[in-house]
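**Q** need a structure here:
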Amino acid sequence: MLEVMTLLDAKEYHPEKEQKRRSRIISAVVLVLLLVFSAWWNRFWPEKRVADKFFSSLQKQDFETAYGIYYHDPGWKQHPQSHALYPFNEFWQDWGPGGQWGVVKSFRIYGASNCPGGGSGVVVDLIVNDRAQHAQLYVDKTDKTISTPPCDLEFR
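**A** Have a look, this model is predicted:
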């Protein structure tokens, strides 16, 4: 049996309900967009945090902790042979008071980005001691070790 619907059978229109429904949909879309933007904006947060910890240790002149952060190995003293390619004395020459950056009195993270063509890490750009030349670290995404960047990036 076929049921015929006429205009008189239609449900009553409630503008308040439609307005609430429309508001909920718009709110949900805005919330999703904010979450996506927030995730994109903070995509390099873990690597920036590693760089911040590293330079904070240098600023405190706690070079042993900084070396542990560099290799993501706080127990590096128990097995220094594992880091024979860049031993602590070379690290001290590069990052200590006589190194390229001298005594780190201040620093701030200026930016972070991936190298063109991808890679497994993030280049973190820092301003050290308010110098015009920026320091750059390459923080590996997987194991959070630090090294020299494999690419040259210019941050503006």
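**Q** Dead centre of this protein: give me the residue that sits there.
**A** Compute the mean C-alpha point of the chain, and by C-alpha atoms, centre = their mean the closest residue is F44, 2.0 Å away.
**Q** Need the nearest residue in space to that one, chain neighbours excluded.
**A** The shortest distance from F44 to any non-neighbouring residue, by C-beta to C-beta, 6 or more residues apart in numbering, is to A112 (3.9 Å). In short, each C-beta sits where N, CA and C put it, glycine included.
**Q** so how far is L85 from the one you found?
**A** 25 Å (C-beta to C-beta, to the nearest Å).
**Q** sorry, back to before: which of the residues in whichever strand or helix holds the residue nearest to F44 are classified as buried?
**A** Per DSSP states H and E, A112 falls inside strand 107-113. Within strand 107-113, the residues scored as buried using 16 or more other C-beta atoms under 10 Å are F107, I109, G111, A112.
**Q** Just after the longest helix along the chain, pick out the following helix or strand.
**A** Ranked by number of residues, the top helix in the chain under DSSP state H is helix 15-41. Sequence-wise, the next helix or strand downstream of helix 15-41 (DSSP H and E) is helix 45-59.
**Q** and after that following helix, which helix or strand comes next?
**A** helix 63-70.
**Q** tell me what that next one is packed against?
**A** helix 45-59, helix 88-95 (3 or more C-beta pairs under 8 Å, 6 or more residues apart in numbering; DSSP states H and E).
**Q** Show me which of these has the highest average neighbour count.
**A** Ranked by mean neighbour count under mean count of other C-beta atoms under 10 Å, the helices and strands packed on helix 63-70 are led by helix 45-59, which reaches a mean of 19.
**Q** got the angle between that one and helix 88-95?
**A** Angle, helix 45-59 to helix 88-95, by axes from the mean of the first three to the mean of the last three C-alpha atoms, to 10 degrees: 90 degrees.
**Q** Run through the chain and note the low-pLDDT ranges.
**A** 1, 5-9 (pLDDT under 70).
**Q** How is it partitioned into domains?
**A** With domains defined by automatic domain parsing, the chain comprises 15-41, 45-147.
**Q** Export those as CSV, with columns for distance to R156.
**A** Listed next are the domains of the chain as CSV, based on distance: least, C-beta to C-beta, whole Å:
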stretch, distance to R156
domain 15-41, 18
domain 45-147, 8
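**Q** And those domains: which comes nearest L2?
**A** Of all the domains of the chain, domain 15-41 sits nearest to L2, with 29.9 Å by C-beta to C-beta.
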